[in-house]
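*Asks:* requesting a structural model of the entry that follows:
(2 chains)
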2 protein chains.
Amino acid sequence: MSLPTLTTGEYSLVYNLLSLAIAAMLGSFVFYVQARSQLHAKYRPAMVLSSLVVAIAGYHYFRIFEGWQSAYVLKNGSYEASGVPFNDAYRYVDWLLTVPLLCAELIAVLALSAGVRGKMMGKLVVAAVLMIALGYPGELSGESGPRVMWAVFSTIPFTYILYVLWVQLGKVAKDNDPKVKKLLDQTRWLLLATWGFYPIAYALPLLKISGASATVGVQVGYSIADILAKCGYGFMIYAIARAKMDAAGETATDVATTPALQVVS
Amino acid sequence: MSLPTLTTGEYSLVYNLLSLAIAAMLGSFVFYVQARSQLHAKYRPAMVLSSLVVAIAGYHYFRIFEGWQSAYVLKNGSYEASGVPFNDAYRYVDWLLTVPLLCAELIAVLALSAGVRGKMMGKLVVAAVLMIALGYPGELSGESGPRVMWAVFSTIPFTYILYVLWVQLGKVAKDNDPKVKKLLDQTRWLLLATWGFYPIAYALPLLKISGASATVGVQVGYSIADILAKCGYGFMIYAIARAKMDAAGETATDVATTPALQVVS
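*Replies:* Predicted coordinates:
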């Protein structure tokens, strides 16, 4: 898409939100790396995965931030496209790496049996790759027709992932103590709410709103969704692990009795 | 606000103070990360939170420093505005993330019951967000009228946060041994003194002092306040934890018996 001229307020909103995302990813990274040792060994893999997610996302936000700066120049009090293309692909490369990791995070903290875990992870990775590969051509297109078509294709695996996680969280929640159950239910809704942001941000350019509002809306929407779905979600995962430890009377120094980090099995 | 022309002395004062802030945040970060293992497990979350605060603040000071550099050019022996806007929002984004964390730090070291902790944290986060969201429009405004108005609005949640922390510290101080009590009292005053800097710095442009003095004063005031309220405060938190350990005869290797890091409850 070609970049519309923005007011200083519009430009700054995206600029500051991208910077906020960098700071949030950095802060979360520092937290997850240290929080790991506060958890029982069997929950540590979930923190390792969380730290991976925000490290990768932090890198991409740094690039997007720089990209945003070079894509615009200040001329007579408003921001015009500088001619340097703004690279949308960073977000898609980021999701390609982080969405499977986010799924793995949840699977790790749920501590499912190795068999269930492996099968589920395989299906989710395939769906995540399809979702992102199918969404990207639409993102690149400035026209409504192709954007709608790819949006529809991409929404199929998107819905599938959300469905699997939703059902799985519900299933596991039932067998847990009240506090863990409450957190799992909250995570379910957090997942639905934050993931719900992405298709909305994606659809903005289709809603007949002006070029500037669409461009700003997409960036703001994706950034807020990423902060909640990555940082906020990681904190929920941590809280779930703590609550499960409390319920089972476990401490951080207990040794793992189950295989720890098993992403592929 | 448009940037006034500065003497080399004025420009350098801000420049060097911003760099000092980066160094202070970095040094504190290295300390907190390592100091964690010197503390009993139940106090470690407070150090983790301290390290988050200075990591996030360090990032923002790095951006502010670079922003300051690009906002000015040296011409005929004095520093004139280069035309590149100086982004005030970094400080506000920083406070948005760090003020709730600073509150959580104190709550973590006081080791209150889970119920009290959760409720207090909820109120403080809401107040912090309000304080920052209400202060920012005034900061952007170059005119006195709106700056005063937003200052008044923002001061309400600001006073509330300080009041809650002040009362809570006083309450907890009473039940502790003399050394811990002394440190808690000192923290109370440190909090009041450093937080008191912010409204003063904010008000400077209103005090009929020249543009240059106001700009320099705001940057110097905020930077000193941030160094004391983040780095100095984190060291006090560490000292409190050590004193509490001494009073209870605990060592760093003792296993936590209470839920450790519980950000969400």
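
*Asks:* close to chain B, is the helix or strand hosting A:Asp226?
*Replies:* Counting by DSSP states H and E, the element that carries A:Asp226 is helix A:211-226. No: taking C-beta under 8 Å from any C-beta of the partner chain as the criterion, helix A:211-226 and chain B are apart, separated by no less than 12.0 Å. Any C-beta I mention is one placed from the backbone N, CA and C, and that applies to glycine too.

*Asks:* kindly export that helix (C-alpha atoms) in CSV.
*Replies:* What follows is helix A:211-226, C-alpha atoms only, in CSV (Å, rounded to 0.1, in the frame of the first residue of the first chain):
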residue,chain,number,x,y,z
GLY,A,211,-6.1,6.3,3.9
ALA,A,212,-4.6,8.0,6.9
SER,A,213,-7.0,6.5,9.4
ALA,A,214,-6.6,3.0,7.9
THR,A,215,-2.8,3.2,8.0
VAL,A,216,-2.7,4.5,11.6
GLY,A,217,-5.4,2.1,12.6
VAL,A,218,-3.6,-1.0,11.2
GLN,A,219,-0.4,-0.1,13.0
VAL,A,220,-2.0,0.9,16.3
GLY,A,221,-4.3,-2.2,16.2
TYR,A,222,-1.4,-4.7,15.5
SER,A,223,0.8,-3.1,18.1
ILE,A,224,-1.7,-3.2,20.9
ALA,A,225,-2.7,-6.7,19.9
ASP,A,226,0.9,-7.8,20.0
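
*Asks:* quick one, longest helix in chain A?
*Replies:* helix A:144-174 (DSSP state H).

*Asks:* what are the buried residues along that one?
*Replies:* Neighbour counts over helix A:144-174 (16 or more other C-beta atoms under 10 Å in any protein chain shown) mark A:147, A:150-151, A:153-155, A:157-158, A:160-162, A:165-166, A:168-169, A:172-173 as buried.

*Asks:* give me the pLDDT value at the residue of the stretch 151-265 of chain A found nearest chain B.
*Replies:* As assessed by C-beta to the nearest C-beta, chain B sits closest to A:Ala239 within the stretch 151-265 of chain A, at 4.2 Å. Reading off the confidence values, A:Ala239 has pLDDT 91.

*Asks:* how many neighbours does it have?
*Replies:* Neighbour count of A:Ala239, defined by other C-beta atoms under 10 Å in any protein chain shown: 21.

*Asks:* same check, this time on A:Pro45
*Replies:* Counted with other C-beta under 10 Å, residues neighbouring A:Pro45 total 23.

*Asks:* wait, doesn't it sit right on A:Ile107?
*Replies:* No: using C-beta atoms under 8 Å, A:Pro45 is not in contact with A:Ile107; the gap is 9.6 Å.

*Asks:* first-to-last residue distance for stretch A:80-94?
*Replies:* Terminal residues of stretch A:80-94 lie 27 Å apart, using C-alpha to C-alpha, to the nearest Å.

*Asks:* in that stretch, which residues are buried?
*Replies:* Judged by neighbour count (16+ other C-beta under 10 Å), stretch A:80-94 contains these buried residues: A:Glu80, A:Phe86, A:Asn87, A:Tyr90, A:Arg91, A:Tyr92, A:Val93, A:Asp94.

*Asks:* quick one: which of those residues sit in strands?
*Replies:* Mapping these onto strands (DSSP state E) picks out A:Glu80.
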